[in-house]
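*Asks:* generate a structure from the sequence data that follows.
(2 chains)
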2 protein chains.
Amino acid sequence: MSEQYILLDHGSGGLASQQLISELFLKYLTSPLLASLEDSAVFTVSGNCLAMSTDSYVVDPLFFPGGDIGMLAVHGTINDLAMRGARPLYLSLAFILEEGLAINDLERVLQSIAKCSNEAGVPIVTGDTKVVPRGKADKIFINTSGIGLVPDERSISVSQARKGDKILLSGSMGDHGITIMTRRAGLSLEGELRSDTMALHGLVDHLCTTFPGAIHTLRDPTRGGVASTLCEIAEQAKAAITLDEESLPISASVRAGCEILGLDPLYLANEGKMLVICSPNQANDIVNAMQHHPQGHEAAIIGEIIDGPAGRVTLHTGLGGERLVTPLHGQPLPRIC
Amino acid sequence: MSEQYILLDHGSGGLASQQLISELFLKYLTSPLLASLEDSAVFTVSGNCLAMSTDSYVVDPLFFPGGDIGMLAVHGTINDLAMRGARPLYLSLAFILEEGLAINDLERVLQSIAKCSNEAGVPIVTGDTKVVPRGKADKIFINTSGIGLVPDERSISVSQARKGDKILLSGSMGDHGITIMTRRAGLSLEGELRSDTMALHGLVDHLCTTFPGAIHTLRDPTRGGVASTLCEIAEQAKAAITLDEESLPISASVRAGCEILGLDPLYLANEGKMLVICSPNQANDIVNAMQHHPQGHEAAIIGEIIDGPAGRVTLHTGLGGERLVTPLHGQPLPRIC
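*Replies:* I've put the predicted structure just below:
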């Protein structure tokens, strides 16, 4: 590593995060399952195909419009499992608590975790709690890990993405990121900014069951946003991606917030959206099915995988221009999830 | 909860931890798998019996004689799986890093994680990294979660413990706890105090294979030490426990450290030891097999499960007296693992 110290950029989900992982982590941790850098690892145990995933949550503030750290922790790990086509089965839950935390706050977070876990049908089956002295953590950090069962016929990964495949986004971009951002800035914007935190496994299962073999790759564009996630996909799939700006779903209030704060919604985190890469001849049917599902009613076809240099992502603007989309460098906002 | 704020005691592994879990966590999280409060959850997926466990590690200092936070993180979760008789298969690894952390320190921890994972034959297959601003965490926090496969014939849990069963300890007590304690106090003691951090799945597998059906309960006495862990077992098994003080294995240097610092080794954390509750008629053979295994050469029979009030643990002292052993209340030492 050229840098000597960990910077906030290393946690951004953008270029610095990727470098830390590829130059340091993968130098020592050599499992091929890890090296694939998917949202979860998929492996076979006694003939069953299982998925396993982990995520820590350090969002600040703990509570925000549309959700809280507990909701993110349940939905985020469920979504990471679903992004490999898995049906999530069980979650673990580990807290790091700061001494002096109000037990009422912990209780609110627990209520939220219980509600989300019940609604999703994915129980918390094992846990751990550590407490560190005041000033050695920030209120509540949560880790959730999860396991899921991947139905036999499903093989969803970035290695399945092919040239010509269409790229779909399951709903509007940037709602979570801009909600946290305006909350922290103390801004009160018109409209209703709310985090989009949501479990997507129902939608994934519906699509995979209805369109067997047509869904090639799934990714949830969390830290680093749609732009960074697509750059990663293009890099890993050794292909280029073209996006159509006018088709990108963005709510009016997110657009307004981004204009005020000078942010690009392509780089804002989402916590209840997914990118779907699918067979071009079924893309219209798939987007239609998404739009009729409660977790995807604003779904849109936003681009396609094309011939071109590996990792190149271009955006065709409304004015007929073309803009290069690069991965996030630095961070518009730390501690987004 | 009667307290309004989280205290360090809530993370001690003693009485306050148990109260937090039973009065707050289990009020909202209602899975029977979680309610069993075992070291890992055991469930069946498509006919296979799997174990899942999670633990966060916040030890201070990061590096100490005999180990570091990375070793604890790998061994600890492997051991939690093994305590249900599982063969550990895969681990996840999630870092929370403090901005400003020296990358050299992270690299040392990664090297250690890789070494332990390789030696144990349990690969890291999925991961996550978050970075929080300086002062919002303490250098490195790690979560590892893991899954393992429980061989068909094994059923190891506290519910299997029976009156008359013998209680074995796989080696000397308190080495990890006193090492961290003296390190933090800046004491330099004679002798060689070292953490006992070690993966125990090899020993567990050996015992379960050699003595099928004879091993009833396994627990690793980490936070809260042998005393608190046995109090928990007695409570859950609805029985009493009697211990023989003279048979408790303690090294001379741990005993010396405890005398200087005024600590009781029964309450000190261990990171490479386990309590084995087994059929009385095979206890001698089992302790003999442990003593011939590299992970158990100081094993001893330390007590037995007897008729008596649920949760009552008594220690028969060398002078012929009897002392009541209660769970840890408060904490001799926070951030021990």
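*Asks:* before we move on, which element is A:G135 in?
*Replies:* Assigned by DSSP states H and E, A:G135 falls within no helix or strand.
*Asks:* how many residues are close by the nearest residue to it once chain neighbours are set aside?
*Replies:* Excluding its sequence neighbours, the residue lying closest to A:G135 (Cβ to Cβ, 6 or more residues apart in numbering or on different chains) is B:G135, at 6.9 Å. (Each C-beta comes from the backbone N, C-alpha and C, glycine too.) Using other Cβ atoms under 10 Å in any protein chain shown, B:G135 has 12 neighbouring residues.
*Asks:* likewise A:G100?
*Replies:* A:G100, neighbours per other Cβ under 10 Å, totals 14.
*Asks:* verify the stated contact: it with B:H10.
*Replies:* No: with contact defined as Cβ atoms under 8 Å, A:G100 does not count as touching B:H10 (11.0 Å).
*Asks:* which part of the stretch 201-337 of chain A gets nearest to chain B, residue-wise?
*Replies:* At 6.1 Å from chain B, A:R335 is the closest residue in the stretch 201-337 of chain A, using Cβ to the nearest Cβ.
*Asks:* excluding chain neighbours, what is closest to that residue?
*Replies:* A:D60 is the one closest to A:R335 (Cβ to Cβ, 6+ apart), at 4.6 Å.
*Asks:* likewise for A:D175?
*Replies:* A:D196 (4.0 Å).
*Asks:* equivalent analysis for A:N104, please.
*Replies:* Leaving aside its chain neighbours, A:N104 sits nearest to B:Q4 (7.5 Å; criterion: Cβ to Cβ, 6+ apart).
*Asks:* next one: A:D205
*Replies:* A:R87 (6.3 Å).
*Asks:* which neighbouring elements make contact with the helix or strand containing A:G303?
*Replies:* Using DSSP H and E, A:G303 falls within strand A:300-306. Judged by 3 or more Cβ pairs under 8 Å, 6 or more residues apart in numbering or on different chains; DSSP states H and E, the packing partners of strand A:300-306 are strand A:166-169, helix A:225-236, strand A:240-244, helix A:283-291.
*Asks:* adding mean pLDDT, mean neighbour count and distance to chain B, write the ones you listed out as TSV.
*Replies:* As requested, the helices and strands packed on strand A:300-306 are arranged in TSV below (pLDDT from 0 to 100; neighbours: other Cβ atoms under 10 Å in any protein chain shown; distance: least, Cβ to the nearest Cβ, whole Å):
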stretch	mean pLDDT	mean neighbour count	distance to chain B
strand A:166-169	98	24	23
helix A:225-236	95	24	15
strand A:240-244	98	20	25
helix A:283-291	98	17	27
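*Asks:* can these go into JSON lines with extra columns for distance to B:A299?
*Replies:* Listed next are the helices and strands packed on strand A:300-306 as JSON lines, based on distance: least, Cβ to Cβ, whole Å:
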{"stretch": "strand A:166-169", "distance to B:A299": "59"}
{"stretch": "helix A:225-236", "distance to B:A299": "49"}
{"stretch": "strand A:240-244", "distance to B:A299": "60"}
{"stretch": "helix A:283-291", "distance to B:A299": "59"}
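*Asks:* show me what the strand ranked longest in chain A is packed against.
*Replies:* Counting by DSSP state E, the longest strand found in chain A is strand A:87-98. On a contact count with 3+ Cβ pairs under 8 Å, 6+ apart, strand A:87-98 meets helix A:69-82, helix A:103-120, strand A:124-132, strand A:140-149, helix A:201-210, strand B:41-45, strand B:48-57, strand B:140-149.
*Asks:* quick check: mean pLDDT of that strand?
*Replies:* The predicted model assigns strand A:87-98 a mean pLDDT of 98.
*Asks:* and the angle for that strand with helix A:103-120?
*Replies:* If you take axes from the mean of the first three to the mean of the last three Cα atoms, to 10 degrees, strand A:87-98 sits at 180 degrees to helix A:103-120.
*Asks:* okay, angle between strand A:87-98 and strand A:140-149 too, please.
*Replies:* Orientation note: strand A:87-98 sits at an angle of 160 degrees relative to strand A:140-149 (the same axes, to 10 degrees).
*Asks:* ok, strand A:87-98: who's next to it in the sheet?
*Replies:* The pairing partners recorded for strand A:87-98 under DSSP bridges are strand A:124-132 (parallel), strand A:140-149 (antiparallel).
*Asks:* list the buried residues in the last one.
*Replies:* When neighbours are counted by 16 or more other Cβ atoms under 10 Å in any protein chain shown, the buried residues of strand A:140-149 are found to be A:I140, A:F141, A:I142, A:N143, A:T144, A:S145, A:G146, A:I147, A:G148, A:L149.
*Asks:* pass me the low-pLDDT residue ranges in chain A, would you?
*Replies:* Where chain A drops to pLDDT under 70, the residues are A:1-3, A:190-191, A:331-334.
*Asks:* repeat that for 90
*Replies:* Along chain A, the parts satisfying pLDDT under 90 run over A:1-3, A:11-16, A:18, A:36-39, A:153, A:181-192, A:257, A:259-262, A:318-320, A:327-337.
*Asks:* domain map for it?
*Replies:* For chain A, the structural domains run A:39-149, A:158-325, going by automatic domain parsing.
*Asks:* pipe those domains into CSV and attach distance to B:H216 per row.
*Replies:* As requested, those are exported to CSV (distance: least, Cβ to Cβ, whole Å):
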stretch, distance to B:H216
domain A:39-149, 21
domain A:158-325, 38
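*Asks:* between those, which one is nearest to B:A185?
*Replies:* Minimum separation from B:A185 across the domains of chain A (Cβ to Cβ) falls at domain A:39-149, 16.0 Å.
*Asks:* check whether the residue nearest to A:D175 really touches A:S172, as I assumed.
*Replies:* Yes: shown here, A:D196 and A:S172 form a contact pair, counting by Cβ under 8 Å, at 7.4 Å.
*Asks:* need the residues touching each of these two.
*Replies:* Residues touching both A:D196 and A:S172 by Cβ atoms under 8 Å, 6 or more residues apart in numbering or on different chains: A:K273.
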